[in-house]
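S.K.: Any chance you can model this:
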Amino acid sequence: MDFHFKKAMIYDLDNTLYSVKTIGDKLFAPVLEVIGQEEKHQANMEDIRKDIMRIPFQNLAQKYDFGPALTQKGEEILQETTYDDHISLHEDYPAILEMPGHRFLVTTGFYKMQKSKIDRMELEKDFQACHIIDPMQTQQTKKDIFLQIIKDGNFEPKDVMVIGDDPESEITAGNEIGVETVLYDKHDQYQSHPASHKIRDFRELVTILIN
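M.R.: The predicted structure is shown next:
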């Protein structure tokens with residue numbers, strides 16, 4: 001069995017390695033309570049609840065026009081939020097451990113929150129490096145981190161694959177730097193997408209890597 005060997009496989013975290021829905025109600029309860037106290041947002045709370053589990057808070061605040069005060073209050077809450085219960089990885093997660101090449105994790109979010117999730121899932125043992133991009137602390141983007149991984153590893157773009165669930169985030173970033181991209185669409189939400197490939201299960205990666 002011959003592989004198109006990738007020297008580096010870069011994975012997203014949220015909704016890629018596990019489902020945010022499984023922890024989201026508890027994780028985001030404090031900030032959702034504060035948002036719900038404002039009358040103008042009460043009619044949109046179900047949509048806000050769904051979106052907070054899939055897009056960065058800063059994007060959420062902009063989408064629903066939270067305004068500076070509520071945005072700041074939400075950020076203050078989330079900067080100190082951590083998760084200390086069990087988190088179940090997707091059942092197909094073990095398949096990525098069988099893929100050739102170095103594994104990197106790149107995630108965007110509040111540092112303490114993302115680090116607590118990484119710790120609960122014990123992911124550091126499975127990845128060469130886990131990168132957390134906290135918009136409160138840095139102007140860097142996923143594209144910047146991808147380029148840094150390529151530079152530090154002395155990789156060529158053809159040596160790298162990016163796998164994630166968000167067409168507008170890691171997939172777009174990967175496409176912009178010319179690496180192969182895989183949209184992890186577990187629930188088949190996207191009929192059209194910009195990724196090089198689409199899968200619903202990590203075990204499908206082998207069909208992409210095999211000649």
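
S.K.: The longest strand seen in the chain pairs with which strands?
M.R.: Scanning the chain for the longest strand, with DSSP state E as the assignment, gives strand 102-108. Applying DSSP bridges, strand 102-108 is found paired with strand 8-11 (parallel), strand 129-133 (parallel).

S.K.: Out of the ones you listed, which gets nearest to Leu70?
M.R.: Nearest to Leu70 among the strands paired with strand 102-108 is strand 129-133 (23.1 Å), distances taken as Cβ to Cβ. Using the backbone N, CA and C atoms, a C-beta is placed for each residue, glycine as well.

S.K.: residues making contact with the closest one?
M.R.: For strand 129-133, the surrounding residues in contact (Cβ atoms under 8 Å, 6 or more residues apart in numbering) are 104-109, 111, 114-115, 118, 123-124, 140-142, 145, 149.

S.K.: right, and the strands paired with strand 102-108 - which one's nearest Lys158?
M.R.: strand 8-11 (10.8 Å).

S.K.: For the helix or strand just after that closest one, buried residues please.
M.R.: Downstream of strand 8-11, the next assigned helix or strand under DSSP states H and E is helix 21-27. Neighbour-count burial for helix 21-27, counted by 16 or more other Cβ atoms under 10 Å, picks out Ile23, Gly24, Leu27.

S.K.: before we move on, what about stretch 57-73?
M.R.: By 16+ other Cβ under 10 Å, the buried positions in stretch 57-73 come out as Phe57, Asn59, Leu60, Ala61, Tyr64, Phe66, Leu70, Thr71, Lys73.

S.K.: any chance of the buried residues of helix 21-27 in TSV, with distance to Ala173 too?
M.R.: Conversion of the buried residues of helix 21-27 to TSV gives the following (distance: Cβ to Cβ, whole Å):
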residue	distance to Ala173
Ile23	25
Gly24	24
Leu27	25
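
S.K.: Tally up the residues packed near Ile118, please.
M.R.: By other Cβ atoms under 10 Å, 19 other residues sit near Ile118.
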